[in-house]
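Engineer: Need a 3D model of the sequence below.
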Amino acid sequence: MAIGATIYRFSIALSDVDRGVFESVELRIAQHPSESPLFFVVRALARCLEHDERVELTRGVSDTELPALVIRDMEGRLSDWIEVGLPGHKRVHKATSRCDRVVIYAHKQVPPYIEKLRAAEIRRADRVTVVHFDDEMLDALQDALQRSAQWSITVSDNVLYIEANGAAISGPIHRTKLADVA
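Structural biologist: Alright, predicted model coming up:
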C-alpha cells in the first residue's frame with residue numbers, strides 16, 4: 001500500500017512590513033511522502049513570503065511541469081514562477097522564458113548552487129532571485145512543526161521573525177539576484 005500525503009493545517013498571522021502585507025492566512029499544505037521535512041518547511045515559508053491573492057500552491061514535488069508556487073496575471077498567464085529546492089539550469093532557463101519573475105527558495109548547499117547557475121549563463125538571469133535562510137532557523141522551524149500549526153510571521157528589514165507553536169525563531173532572509181556579480 002502506498003503511503004499518502006500528510007496534511008498540515010496552518011493558521012498564520014502574517015505581517016510583512018517590507019511588502020505592506022498584513023493578513024490572517026489559513027492554509028492546508030500536503031507533504032508528499034518523498035518530501036523531506038526541510039523541503040516542506042521551506043515550501044511553507046515560500047508560500048507565506050510570496051503571499052498574494054493570486055498565489056497558487058501547485059501539486060509540488062509530484063508536478064514536473066510547474067514549480068511549487070505560481071502567480072498568474074489577470075488573464076490567467078503565469079507571471080511569477082516560484083521554485084523550492086535546487087532546480088537545474090535548464091528548468092530555470094525555461095522559467096525565465098515563461099515568466100517575468102523567477103524566485104528560487106533554495107533549501108541547502110546554496111553558494112555552490114548559485115555559482116552553478118551563474119556558470120550556466122542563463123539568459124534573462126536578471127529575472128531570477130535565489131532566496132535562502134540560515135540552517136539554524138530552518139532546524140528550529142522543523143523542530144516546532146506540528147500538523148495543526150499556529151504561526152505568527154513578521155518580516156521587517158529583510159529579517160524573518162516567526163513564532164511557531166510557542167517557539168520564537170528568527171533570522172535573515174538572504175536574497176541573491178542571479179545577475180549580480182558576487
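Engineer: For the closest residue to Asp16 other than its chain neighbours, give me the pLDDT.
Structural biologist: Distance criterion CB to CB, 6 or more residues apart in numbering; nearest residue to Asp16, sequence neighbours excluded, is Val155 at 4.4 Å. No exception for glycine: its C-beta is placed from N, CA and C like everyone else's. With respect to pLDDT, Val155 scores 98.
Engineer: name the element Val155 belongs to?
Structural biologist: In the assignment (DSSP states H and E), Val155 maps to strand 148-156.
Engineer: Can you show me the strands along this protein?
Structural biologist: In the chain, the strands defined using DSSP state E lie at 6-16, 21-31, 55-57, 69-72, 78-84, 101-105, 128-133, 148-156, 159-164, 167-177.
Engineer: Least confident of those, on average?
Structural biologist: Looking at these, the bottom one is strand 55-57 with a mean of 88.
Engineer: what are the pairing partners of that strand, and which direction each?
Structural biologist: strand 69-72 (antiparallel) (DSSP bridges).
Engineer: which residue is nearest the middle of this structure?
Structural biologist: Ala46 (2.5 Å; CA atoms, centre = their mean).
Engineer: ok, it touching Ala106?
Structural biologist: No - under the criterion of CB atoms under 8 Å, Ala46 is not in contact with Ala106, lying 10.3 Å apart.
Engineer: so what's in contact with these two at the same time?
Structural biologist: When contacts are counted by CB atoms under 8 Å, 6 or more residues apart in numbering, Ala46 and Ala106 have Val131 as shared neighbours.
Engineer: from memory Ile82 sits against Thr58, does it?
Structural biologist: No - at 9.3 Å, Ile82 does not count as touching Thr58 under the criterion of CB under 8 Å.
Engineer: Compute the inter-axis angle for the lengthiest helix in the chain and strand 167-177.
Structural biologist: Counting by DSSP state H, the longest helix found in the chain is helix 37-49. Following axes from the mean of the first three to the mean of the last three CA atoms, to 10 degrees, one obtains 80 degrees for the angle between helix 37-49 and strand 167-177.
Engineer: Give me the buried positions along helix 37-49.
Structural biologist: Phe39, Phe40, Val41, Val42, Arg43, Ala44, Leu45, Ala46, Arg47, Cys48, Leu49 (16 or more other CB atoms under 10 Å).
Engineer: List just the nearest of those residues to Leu14.
Structural biologist: Of all those, Cys48 has the smallest distance to Leu14: 5.9 Å, by CB to CB.
Engineer: excluding its backbone neighbours, what's nearest Glu23?
Structural biologist: Leu14 (4.9 Å).
Engineer: residues contacting that neighbour?
Structural biologist: Taking CB under 8 Å, 6+ apart as the test, what Leu14 contacts is Val21, Phe22, Glu23, Ser24, Val25, Cys48, His51, Ile153.
Engineer: ok, Ser15 touching Thr154?
Structural biologist: Yes - Ser15 is within contact range of Thr154, at 4.5 Å (criterion: CB under 8 Å).
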